[in-house]
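Enquirer: Sequence plus the predicted model coming up.
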Amino acid sequence: MKVVVIGGTGLIGSKVVEKLKADGHEAVPASPNTGVNTVTGEGLAEVLQGASVVIDVSNSPSFADDDAMSFFRTSTANLLKAEAEAGVTHHVALSVVGTDRLQQSGYFRAKLAQEELIKEAGSPYSIVHATQFFEFVKTLADTATEGDTVRLAPIKLQPVHSDDVAAAVARTAVGTPVNGVVEVAGPDAFPYEELVRLRLAAQNDPRTVVTDPHGLYWGIEVTESTLLPGPNAHIGETRFTDWLARQR
């Protein structure tokens, strides 16, 4: 089966390509680096020739509200049009658990717009919602740091390893389209403060971590369960503490 992976040279995309190839599929990474640009349409028709499945794990190069909306609307519309012309029978996109609950953010409004375009296209699709990646926990801490203190919202997160996300995306892509959403999360839920404290301690980072009732998540007001998956989520194999131990 030929599977084209849009964003196939990035963190998740490269792992998806690797997993698909290991299972005997023809996995083709597609990105501006390989001459495929979904915003301009460059190279799309050529790379989609003979493809059965397209996986979109690309991301906006800018998180600014208008930039993200423009990217996801334009890229997704171009991609869906090219897929229809090429006879692609399954569109798979990676998105975020809680996207519909994070609409104070322009970025997540853009992600929801992407999902709506996919649903309205009338073609078979699957959308994979993932929780926060292990790899980005330190970035979360950095965005919430004031001086030497990390101030975090009183919420819970169920982070997931990027390898497990890639496996879920690859598995979904070669399966029957669900015409809906599949969730993937890590095996353990943590209070936000505990998660960040574990990550910083592993790097001997001396910052103080506290829970702040007025704390935000990427600048968004959230409730305790906003970012948690539903009861039917696929649970990845990798535990955060095991992953941390390997980083050392």
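Expert: Received it, and whenever you're ready, just let me know what you need.

Enquirer: could you point out which element follows the helix ranked longest in the chain?
Expert: Scanning the chain for the longest helix, with DSSP state H as the assignment, gives helix 65-86. Once helix 65-86 ends, the next helix or strand along the chain (criterion: DSSP states H and E) is strand 90-96.

Enquirer: The helix or strand following that next one versus helix 65-86: what angle between them?
Expert: Of the helices and strands lying after strand 90-96 in sequence (DSSP H and E), the nearest is helix 106-120. Our comparison of helix 106-120 with helix 65-86, counting by axes from the mean of the first three to the mean of the last three Cα atoms, to 10 degrees, yields an angle of 20 degrees.

Enquirer: what's helix 106-120 packed up against?
Expert: With contacts defined as 3 or more Cβ pairs under 8 Å, 6 or more residues apart in numbering; DSSP states H and E, the secondary structure elements packing on helix 106-120 are helix 65-86, strand 90-96, strand 125-130. All C-beta atoms are positioned from the backbone trio N, CA, C, and that covers glycine.

Enquirer: what about 6 Å?
Expert: Secondary structure elements in contact with helix 106-120, counted by 3 or more Cβ pairs under 6 Å, 6 or more residues apart in numbering; DSSP states H and E, are helix 65-86, strand 90-96.

Enquirer: Name the residues that touch it?
Expert: When contacts are defined by Cβ atoms under 6 Å, 6 or more residues apart in numbering, helix 106-120 is touched by residues 63, 65, 68-69, 72-73, 76, 93, 95, 99, 102-103, 125, 127.

Enquirer: mean confidence score for it?
Expert: Across helix 106-120, the average pLDDT comes to 97.

Enquirer: buried set for it?
Expert: Applying a neighbour-count criterion of 16 or more other Cβ atoms under 10 Å, one finds 106, 107, 108, 109, 110, 111, 112, 114, 115, 117, 118 buried in helix 106-120.

Enquirer: now that helix against strand 125-130, angle please.
Expert: 150 degrees.

Enquirer: quick one: helix 106-120 to chain centroid distance?
Expert: Averaging C-alpha coordinates over helix 106-120 and over its chain gives two centres that are 13 Å apart (Cα atoms, centre = their mean, to the nearest Å).

Enquirer: ok, now stretch 157-164?
Expert: Distance, stretch centre to chain centre, for stretch 157-164: 10 Å (Cα atoms, centre = their mean).

Enquirer: cool, stretch 207-221 as well?
Expert: 22 Å.

Enquirer: now stretch 63-78
Expert: When C-alpha coordinates are averaged (Cα atoms, centre = their mean), stretch 63-78 and its chain have centres 15 Å apart.

Enquirer: Report the rounded mean pLDDT for that stretch.
Expert: Average pLDDT, stretch 63-78: 97.

Enquirer: Next, the buried residues of the longest helix of the chain.
Expert: Neighbour counts using 16+ other Cβ under 10 Å place 68, 69, 71, 72, 75, 76, 78, 79, 80, 82, 83, 86 of helix 65-86 among the buried residues.

Enquirer: what is the orientation angle of that helix with strand 90-96?
Expert: Helix 65-86 runs at 160 degrees relative to strand 90-96, counting by the same axes, to 10 degrees.

Enquirer: Counting by contacts, list what helix 65-86 packs against.
Expert: Using 3+ Cβ pairs under 6 Å, 6+ apart, helix 65-86 sits against helix 44-48, helix 106-120.

Enquirer: With distance to residue 217 as extra columns, can I get those helices in a markdown table?
Expert: Compiled in a markdown table, the helices and strands packed on helix 65-86 are given as follows (distance: least, Cβ to Cβ, whole Å):
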| stretch | distance to residue 217 |
| --- | --- |
| helix 44-48 | 35 |
| helix 106-120 | 11 |
